[in-house]
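**Q** okay, here's the prediction I keep looking at, along with the sequence it came from:
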2 protein chains.
Amino acid sequence: MRTSIATVCLSGTLEEKLHACAEAGFDGVEIFEQDLLVSPLSPEEVRALADRLGLTLDLYQPFRDFDGVAEDVLVENLRRAEAKFQVMNRLGIDTILVCSNVATATIDDDEVMASQLRRLGDLAARYGVRIAYEALAWGRFVNTYGRAWRIVQLADHPHVGTCLDSFHILSRGDDPSGIEDIDPEKIFFVQLADAPVLSMDILSWSRHYRVFPGQGGFDLAAFLVHLVRSGYTGPVSLEIFNDVFRQSNVQRTAVDALRSLQWLQNRSGHRIANALAAGAAPLPEPHMELTQLPVVEPPSGIDFVELRTDEPDAVAEVLSQLGFAFRGQHRRKAVQLWTQGAARVVINGQRARATEPSISALAFQVADARTGYERALELKARPVARHNTADEEELHAVRAPDGTEVFFAAAGTEPAWTREFGPGAIPPSGASSTGPSPTGTAAQAAPGTEGTASGVVPGELIESVDHVNLAQPWQAFDEAVLFYESVLRLTTRPGTEVPSPAGLIRSQVVRTGDGAVRLALNLVPHALDADGTARSYPEHVGFATRDIVAVAGRAKAAGMDFLPVPANYYEDLAARFRIPEEELGLLRRLGLLYDEDDDGAFLHFYTETIGQVFFEVVERRGGYDGYGAPNAPVRLAAQFERSRRGGERT
Amino acid sequence: MRTSIATVCLSGTLEEKLHACAEAGFDGVEIFEQDLLVSPLSPEEVRALADRLGLTLDLYQPFRDFDGVAEDVLVENLRRAEAKFQVMNRLGIDTILVCSNVATATIDDDEVMASQLRRLGDLAARYGVRIAYEALAWGRFVNTYGRAWRIVQLADHPHVGTCLDSFHILSRGDDPSGIEDIDPEKIFFVQLADAPVLSMDILSWSRHYRVFPGQGGFDLAAFLVHLVRSGYTGPVSLEIFNDVFRQSNVQRTAVDALRSLQWLQNRSGHRIANALAAGAAPLPEPHMELTQLPVVEPPSGIDFVELRTDEPDAVAEVLSQLGFAFRGQHRRKAVQLWTQGAARVVINGQRARATEPSISALAFQVADARTGYERALELKARPVARHNTADEEELHAVRAPDGTEVFFAAAGTEPAWTREFGPGAIPPSGASSTGPSPTGTAAQAAPGTEGTASGVVPGELIESVDHVNLAQPWQAFDEAVLFYESVLRLTTRPGTEVPSPAGLIRSQVVRTGDGAVRLALNLVPHALDADGTARSYPEHVGFATRDIVAVAGRAKAAGMDFLPVPANYYEDLAARFRIPEEELGLLRRLGLLYDEDDDGAFLHFYTETIGQVFFEVVERRGGYDGYGAPNAPVRLAAQFERSRRGGERT
């Protein structure tokens, strides 16, 4: 598939946009007229630059309000068009997008529009230009691709064809299967855009909220399948108007955009293969080839969570209070390993000077780590440079949009890399105060937990990482969703919004179907984002247990600082749910939060924040599959209150 | 009118919210339940705090999904309600908001709902609580205030009344005049919210886009008139869900909120007075008293624009090239005055250490400066401290939401304060290089322009300040619109959006009806806002002339740096408009931009940016009343390109 993108999708100058598109790996671009008008580059210079960068210039757009007008307006429109054809000749672009009329149309008659397009076609032919006529969803008279195609058929001119745009078709709830019935030679151009499912007027929706394929709610994979089945073989181009993309780093947005097309091709390709295997009609010849990515399965679990800091003591203390065992230092690096059940936490002191604890890396267990990594690179993920010695386990990683390192690890209960940690290594700085204390909690009392590679330890109440909650900067939110979907094959759940004292936090869960991997991506309010560390939004790791009462009791006995829960919360809990008085007393005494739905119940608690990170322990009862969203405001308010009072853990 | 506000409108902790409401001058607050639930303060502590602050606690809210349910659900709901009544007793709140059911209702029957509310009323009576039943616009069965009122009448219980919310009524396009027919004793509460006119689903619109009265598109003044005519005399409360307010400084938002109610009372009061004068039926007794503001007229012009910098030379040079005359230093301060026609620019070097030139103050000519200032103070505008000696003209100023100082000046062609500038003062630093050069432009050639207080100078091609364009930080946009409306009685025009290479800029004009004062308020994209000075959005002053060709020619001859206009722009201009070749050549040669509409034409040019400010010169031909919006992207792209290349005026 030939990939293209409209320059209006991106921020920056026209020159910067072209460079970014070429670097990301696009085959071509659409020149959005205004980008040319405001550029100091002449059309000839733009053409030469694109040439140098190896980009084709696929479309000039948009030309508005041409058709369905009175004769005097038409004459003026033809004059206007001719000036554009001259510019196109200088640019070396042979196709122009003509949108159905939204403003000046007065004649609602297919024959009239067809004859007017025929006159435009005659003029275009003199300049070697092709007219791609597109129905805007809010066109005055022409607003469906079916009608635009009828008018093109009536025009019956070799220089007049149609342009299909997924947004204009799907936003109206129109059925895209009719695309297969269009003569592929007459599809002059195709534009793709996704969009979140919103109920608002289509024009505003289109102008502000379009997103790249895979970031919204449209079934673009089906759309592309119809396109392949039509026999269309031209470029497939992104045309996204999005308030955030227009402000974001141009190189990153271009990469995000290309990734969306790779991921889309992959999904459509699978659908076609499945349909063919199930006996569907063969594809026409010739047809568009869809590039496929290496095949991977979703991860089977989280291998480890890495926190980075040069002051590991406070984190180590809380982990110890939660029942984690210190498994030793890395034999060569300033890195500690703490484990409990299948939950592994690495505290990395390298390149961590004056760094408050924060989540720096996540490792995912996959069937084939090498293929997972290679697929990520094909999806333009940035590799993370790692230094290994020959006898060490080689782990590959890429960088997620928010900078978190994403590792691909082999599946298994006792990963090979853990053997690099052990008693032979240098003891952790201050280990005596931060390692398991002698005050005898269950896990710490178990024999052989320190610096060994033994299996399950008695008293290991925490079983695994339940979820990881990551703060996303405003530019990275949609990009992150697509990244985790395409690179790790996680799937998204409907988003939610959580009120905090500093604004609403938009939250989106990406996860595996079985819940073995769950990430909550949180778009942090502007105020928290802008006001520096004191008020920035801490991230957290949620650990799963089947006995939260025991975990909380043990942590309390070990002197752990819990995030406080207000008394008002428990009074409301009693009003909302029928919880026996005794159990309510237990929740209150241990500072546990509670939620329930039709499938089960959820108990959880939070630790105080250490630097930029805190921990949560959760117990899921029955089929409860959420994250205690009604309780999140309690946590956010307590954290806000803490940060207002100047510093955590006072 | 007793003023109140829901705590959900504001950011911060419950304690911070209460303090901010009291400081702003509210009489009371509504406690939004979640704010209490997440607070470490007990109900008794909240009550005591409100008491100390002199705030009444007017409403507890919301209680959801009570009515129209099966008996077993009702029993559960009554249990839930009783727990809330107990909390209310501890808070000392006597009224609870019960919203019409959106989720659990199954019985669409007024009699059933009335009988269920009656049972709730019986329970409430035992706690001395009143039920204020409100129709949510998206209620399952009950979604109009008319139906809610019918059900309340059917319930016929002394503890059951209705709550009116302007958003739920006006968002549905419902007619609020029926409010006058409701028994005022049965209106237990009133909530006000405005909203911009958006076409989207009502729930999202309500949850994210509500604004304070006067900041949106609803006719709340009419709504309040109906309320006064109903005989309601209880509190009128703001309930605004707004994504920006939830993130903004709590004190500022509270002030903004109270100002909106003052301004609303003022407008409604005038409508009532006019209606009574025109013979409308007298008001019921008793009725709500609406506080009125001192009466002022909109300003008749801009008295001066002040730029602040300790390096005035670059600004002075450009002003000189534009034909401004140096009128001398202030006799006592490091302040220069430059004038041309009625355009006066003050360059203030005080408190300006290491300050790049920026717009620091605007002075507006008003009929009664003292009353204008006092009205601003009543509207909670922050006064600006000024130091005057006894023989100097006393000018009063307040601070606009973005920090700009707003002066109230007497109307007149030669303001008295200009007499404090003159040749007796210290000469400007570097005056020889920055004052009028000897290269003989029209204004500079005119005799007696330096350091005199003479009248109109020959060659004064610029007549006045046409408009001032101010960048607004993201938190201050809606606040600024209301500030200029209420304090200066400017009126808003429909907003627009302008694409820049760093994102869309939302622009809103506030002006006098006659165009004597025009301010363009621009909401700057996040990216520009966050990335520091190099990419921040410069502001500008637009000067009006009747001969832009002469102004541009003179400036060119004087060596002024124009913001460059790309050749592509002129080619598009030729395609869009029928401009004679000769005139097009003139535009191109002088670097002028052009726009036209049905009423006339607009010619303008921009100077290069100096620090954070630049100048525009505009010529309006015929009845053209806009600002050349189609050309703004050209300017923004050129400025972006300049800032990318590292610094202006290189």
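**A** Everything's here; your move.
**Q** please make it C-alpha for all contacts and neighbour counts, starting now.
**A** OK.
**Q** and the next helix or strand past the top helix by length along chain A?
**A** The single longest helix within chain A, with elements called by DSSP state H, is helix A:250-277. Next along the chain after helix A:250-277, taking DSSP states H and E as the criterion, comes strand A:301-308.
**Q** quick check: mean pLDDT of whatever helix or strand comes next after that following strand?
**A** Next in sequence after strand A:301-308, counting helices and strands by DSSP H and E, comes helix A:313-321. The average pLDDT for helix A:313-321 rounds to 96.
**Q** re the thing from before, hmm, the longest helix of chain A in reach of chain B?
**A** No. Counting by Cα under 8 Å from any Cα of the partner chain, chain B has no neighbours in helix A:250-277; the shortest distance is 9.7 Å.
**Q** again with stretch A:76-96
**A** Yes. Using Cα under 8 Å from any Cα, stretch A:76-96 reaches chain B at A:79-81, A:83-84.
**Q** pull out the buried positions in the longest helix of chain A.
**A** A:250-270, A:272 (16 or more other Cα atoms under 10 Å in any protein chain shown).
**Q** run the chain-centre distance for that helix.
**A** Distance of helix A:250-277 from the chain centroid (Cα atoms, centre = their mean, to the nearest Å) equals 14 Å.
**Q** swap in stretch A:511-520?
**A** The answer for stretch A:511-520 is 14 Å, by Cα atoms, centre = their mean.
**Q** quick check: mean pLDDT across stretch A:67-75?
**A** 97.
**Q** residues of stretch A:9-24 that come out buried?
**A** Buried-residue list, stretch A:9-24, by 16+ other Cα under 10 Å: A:9-15, A:17-22, A:24.
**Q** most widely separated two among those?
**A** Pairwise distances across the buried residues of stretch A:9-24 peak at 16.5 Å for A:Thr13 and A:Ala24 (criterion: Cα to Cα).
**Q** ranges for the helices of the stretch 401-550 of chain A?
**A** A:431-434, A:442-445, A:477-488, A:526-530, A:548-557 (DSSP state H, counting those that start in this stretch).
**Q** mind showing which ranges of the stretch 451-600 of chain A have poor pLDDT?
**A** Under the criterion pLDDT under 70, the flagged ranges of the stretch 451-600 of chain A are A:451-458, A:526-536.
**Q** got the residues of it near chain B?
**A** A:501-504, A:525-527, A:530, A:565-569, A:572, A:575-576.
**Q** A:Thr253 and chain B, how far apart?
**A** 13 Å (Cα to the nearest Cα, to the nearest Å).
**Q** distance check, that residue against A:Asp598.
**A** Look at A:Thr253 and A:Asp598: by Cα to Cα, to the nearest Å, they are 41 Å apart.
**Q** again, but for A:Val87
**A** Distance from A:Val87 to A:Asp598, by Cα to Cα: 63 Å.
**Q** please say which of these two ends up with more neighbours.
**A** Comparing A:Val87 with A:Asp598 by other Cα atoms under 10 Å in any protein chain shown, the one with more neighbours is A:Val87, at 19 against 8.
**Q** closest residue of the stretch 351-500 of chain A to chain B?
**A** A:Ser500 (8.2 Å; Cα to the nearest Cα).
**Q** residues contacting that residue?
**A** A:Ser500 is in contact with A:633, A:636-637, counting by Cα atoms under 8 Å, 6 or more residues apart in numbering or on different chains.
**Q** and what of A:Val487?
**A** A:372, A:375-376, A:379.
**Q** and for A:Thr7?
**A** With Cα under 8 Å, 6+ apart, A:Thr7 has these contacts: A:14, A:17-18, A:29-32, A:35.
**Q** same check on A:Val335?
**A** Taking Cα under 8 Å, 6+ apart, one finds A:329, A:346-350 in contact with A:Val335.
**Q** got a pLDDT number for it?
**A** 93.
**Q** who does it bridge with?
**A** When assigned by DSSP bridges, A:Val335 has beta-bridge partners A:Asn348.
**Q** roughly how far apart are it and A:Asp310?
**A** From A:Val335 to A:Asp310 the distance is 10 Å (Cα to Cα).
**Q** any common contacting residues for the two?
**A** With Cα under 8 Å, 6+ apart as the test, A:Val335 and A:Asp310 both reach A:348-350.
**Q** and chain B, is stretch A:26-33 touching that?
**A** No. Using Cα under 8 Å from any Cα, stretch A:26-33 stays clear of chain B, coming no nearer than 9.5 Å.
**Q** same question, stretch A:603-620
**A** No. On the criterion Cα under 8 Å from any Cα, stretch A:603-620 is out of touch with chain B, staying 14.5 Å away.
**Q** pLDDT averaged over that stretch, what's the number?
**A** 96.
**Q** what does that stretch contact?
**A** Contacts for stretch A:603-620 (Cα under 8 Å, 6+ apart): A:314-315, A:318, A:356-359, A:466, A:537-548, A:552, A:560-563, A:591-595, A:600-602, A:635, A:639, A:648-649.
**Q** now the buried members of these.
**A** By 16+ other Cα under 10 Å, those give A:315, A:318, A:356-359, A:466, A:537-545, A:548, A:552, A:560-563, A:591-595, A:601-602, A:635, A:639 as buried.
**Q** and these, which of them are in strands?
**A** Assigned to strands by DSSP state E, the following of the buried ones among the contacts of stretch A:603-620 qualify: A:358-359, A:466, A:539-545, A:593-595, A:601-602.
**Q** for the closest residue to A:Pro538 other than its chain neighbours, grab the count of nearby residues.
**A** Nearest residue to A:Pro538, sequence neighbours excluded (Cα to Cα, 6 or more residues apart in numbering or on different chains): A:Gln612, at 4.6 Å. Per other Cα under 10 Å, the neighbour tally for A:Gln612 reads 18.
**Q** I'd like the distance between A:Gln612 and chain B.
**A** Shown here: A:Gln612 relative to chain B, a distance of 20 Å by Cα to the nearest Cα.
**Q** for the nearest residue to A:Ala476 once chain neighbours are set aside, give its distance to A:Leu14.
**A** Of all residues not flanking A:Ala476 in the chain, A:Pro401 sits nearest, at 5.8 Å (Cα to Cα, 6+ apart). With distances taken as Cα to Cα, A:Pro401 is found 24 Å from A:Leu14.
**Q** so who does A:Glu479 touch?
**A** A:215, A:256, A:401.
**Q** for the last one, give me its contacts.
**A** A:Pro401 is in contact with A:476, A:479-480, A:483, counting by Cα under 8 Å, 6+ apart.
**Q** taking chain A, what residue is nearest to chain B?
**A** Nearest residue of chain A to chain B: A:Met200, at 3.7 Å (Cα to the nearest Cα).
**Q** count of neighbours near that residue?
**A** 16.
**Q** where does it land on pLDDT?
**A** pLDDT, A:Met200: 70.
**Q** which residue is the nearest non-sequential neighbour of it?
**A** Nearest residue to A:Met200 in three dimensions, chain neighbours excluded: B:Met200, at 3.7 Å (Cα to Cα, 6+ apart).
**Q** from B:Ala397, how far out is the one you found?
**A** 41 Å.
**Q** with A:Arg119 instead?
**A** Applying Cα to Cα to A:Arg119 and B:Ala397 gives a distance of 63 Å.
**Q** and the contacts of A:Val487 near chain B, which?
**A** Of the contacts of A:Val487, not one also sits near chain B (Cα under 8 Å from any Cα).
**Q** residue contacts, the closest residue to A:Asp368 other than its chain neighbours?
**A** Once flanking residues are discounted, A:Asp368 sits nearest to A:Ala410: 6.6 Å by Cα to Cα, 6+ apart. Residues counted as contacts of A:Ala410 (Cα under 8 Å, 6+ apart) are A:365-369.
**Q** most widely separated two among the residues you listed?
**A** A:Gln365 and A:Asp368 (8.7 Å).
**Q** no further queries at this time; thank you.
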